[in-house]
Each structure stands twice: as C-alpha cells, then as structure tokens.
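structure for this input, please:
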Amino acid sequence: MQVALLLYLATFLSVMLLQYKNLKINHILIIQLYNMFIKFLSILTL
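Residues are numbered from 1 along each chain as shown. Sure, this is the predicted structure:
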C-alpha cells in the first residue's frame, strides 16, 4: 500500500515538474515573441 502511494506521489511530482518546465518554456517564448513584435513596430515607425 505504501509503495503504491509513493509511486503515485512520484508520478504526480514528475508531472508537476514537467508542467512547470513547459510553462517556463512557454513564458520565455511569449517574451521573445513580444520583443520581436516591439522590434517590428520600431522598424515600422522609423
């Protein structure tokens, strides 16, 4: 019973970590896209 609980906790934690990594990657991508958009706007205004 305890082993099953530990396995469940381990899988839950690993899934949470993967989700956190995905969120961080998405966050960085969004920032890069935002920066590119600002550069594009500055080129247009020049």
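
helices along the chain, start to end?
2-45 (DSSP state H).

where does it have low pLDDT?
Along the chain, the model assigns pLDDT under 70 to residues 1.

spatially central residue for the chain, please.
Leu23 (1.8 Å; CA atoms, centre = their mean).

state the distance from it to Leu29.
11 Å (CB to CB, to the nearest Å). The way it works is simple: take the backbone N, C-alpha and C, and place the C-beta from them, glycine included.

now do Phe12
Counting by CB to CB, the separation of Phe12 from Leu29 is 26 Å.

for Ser14, same thing?
For Ser14, the distance to Leu29 equals 23 Å [CB to CB].

next one: Leu41 from Lys21, what distance?
31 Å.

repeat that for Tyr34.
20 Å.

same question for Ile38.
Applying CB to CB, the value for Ile38 to Lys21 is 26 Å.

then His27?
Between His27 and Lys21 the distance is 11 Å, computed by CB to CB.

what do you get for Ile30?
The value you get for Ile30 to Lys21, if CB to CB is used, is 15 Å.

equivalent analysis for Val3, please.
For Val3, the distance to Lys21 equals 27 Å [CB to CB].

looking at the two, which one has more neighbours?
Applying other CB atoms under 10 Å to Val3 and Lys21 shows that Lys21 carries more neighbours, namely 10 against 7.
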